[in-house]
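A.B. asks: quick check, what structure comes out for this input:
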Amino acid sequence: MDVSTIITLAIIAGLVFWAVGIYNQLVALKNRYKNAFAQIEVQLKRRYDLIPNLVETAKGYLDHERETLQAVTEARDAAASVLAEAARDPGNAQAIQGLVSQEGVLQGALSRFNIAVEAYPDLKANENMMQLTEELTTTENKIAFARQAFNDQIMAYNTYRQSFPNVVLAPTFGHPTDAELLEFEDSEAIQEAPSVSF
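C.D. replies: Numbers count the residues shown, from 1 in each chain. The predicted structure follows:
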């Protein structure tokens with residue numbers, strides 16, 4: 001083998017290793033944001049599991065507030081359904097936007113529920129209601145932390161994917177678009193967890 005052949009083979013090998021490195025890094029970053037979304041999913045499912053208990057506890061007190069209770073239940077069921085879709089592909093912009101939208105509907109229903117509960121001091125003082133409220137508040141805080149961790153991982157993935165020459169190779173390696181951040185339309189919702197005090 002002559003020197004030029006060895007140099008050519010070395011350059012080709014170097015390019016192959018370089019491309020493999022980009023591919024592996026894209027896969028690693030994608031798996032990190034998928035794992036971060038799984039943490040959000042765990043906390044959202046916990047919240048969805050708490051809501052029926054909250055509604056059941058309030059039923060006896062809020063007899064004439066059936067519409068409010070029904071709205072909370074329906075919003076919770078819809079949010080759980082959309083969450084399952086987003087969990088299948090947390091990088092999908094449409095799925096994430098669907099989750100954001102449905103979470104907004106659920107937060108609105110929970111706000112109306114809060115207003116209804118405020119009118120019933122006995123319900124607010126109910127031990128089960130106080131415990132559920134505390135658990136829900138704790139879960140909301142965990143969701144906020146998990147969402148921040150997810151967005152951090154999305155930023156790392158998108159930054160790496162958008163860097164040159166990765167942006168040229170990423171579509172070839174099955175990473176055609178950036179992943180979507182999980183942001184709420186109301187910027188105040190990002191700053192603080194929704195109020196669920198009773």
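A.B. asks: secondary structure element holding the residue nearest to the spatial centre of the chain?
C.D. replies: Nearest to the geometric centre of the chain sits I40, at 4.9 Å (C-alpha atoms, centre = their mean). Assigned by DSSP states H and E, I40 falls within helix 3-59.
A.B. asks: I'd like to know which elements that helix is packed against.
C.D. replies: On a contact count with 3 or more C-beta pairs under 8 Å, 6 or more residues apart in numbering; DSSP states H and E, helix 3-59 meets helix 66-88, helix 93-118, helix 127-162, helix 166-169. In this view, the C-beta of every residue, glycine as well, is placed from N, C-alpha and C.
A.B. asks: and the first one, what does it pack onto?
C.D. replies: Contacting helix 66-88 under the criterion 3+ C-beta pairs under 8 Å, 6+ apart are the following elements: helix 3-59, helix 93-118.
A.B. asks: so who does the residue nearest to the centre of the chain touch?
C.D. replies: Under the criterion of C-beta atoms under 8 Å, 6 or more residues apart in numbering, the neighbours of I40 are I143, A146, R147, F150, L182.
A.B. asks: try 10 Å this time
C.D. replies: By C-beta atoms under 10 Å, 6 or more residues apart in numbering, the contact set of I40 is 83, 86-87, 90, 99, 142-151, 182.
A.B. asks: what of L181?
C.D. replies: A93, I96, V100, R147, F150, N151, D152, I154, M155, N158.
A.B. asks: got any ranges where this structure has weak pLDDT?
C.D. replies: Scanning the chain for pLDDT under 70 picks out the ranges 184-198.
A.B. asks: state the distance from Y33 to D2.
C.D. replies: Separation of Y33 from D2 (C-beta to C-beta, to the nearest Å): 48 Å.
A.B. asks: and those two? Which one has more around it.
C.D. replies: Y33 (23 against 7; other C-beta atoms under 10 Å).
A.B. asks: how about the nearest residue to the more buried one, chain neighbours excluded?
C.D. replies: The shortest distance from Y33 to any non-neighbouring residue, by C-beta to C-beta, 6 or more residues apart in numbering, is to Q153 (3.8 Å).
A.B. asks: so what's the residue count around that neighbour?
C.D. replies: 21.
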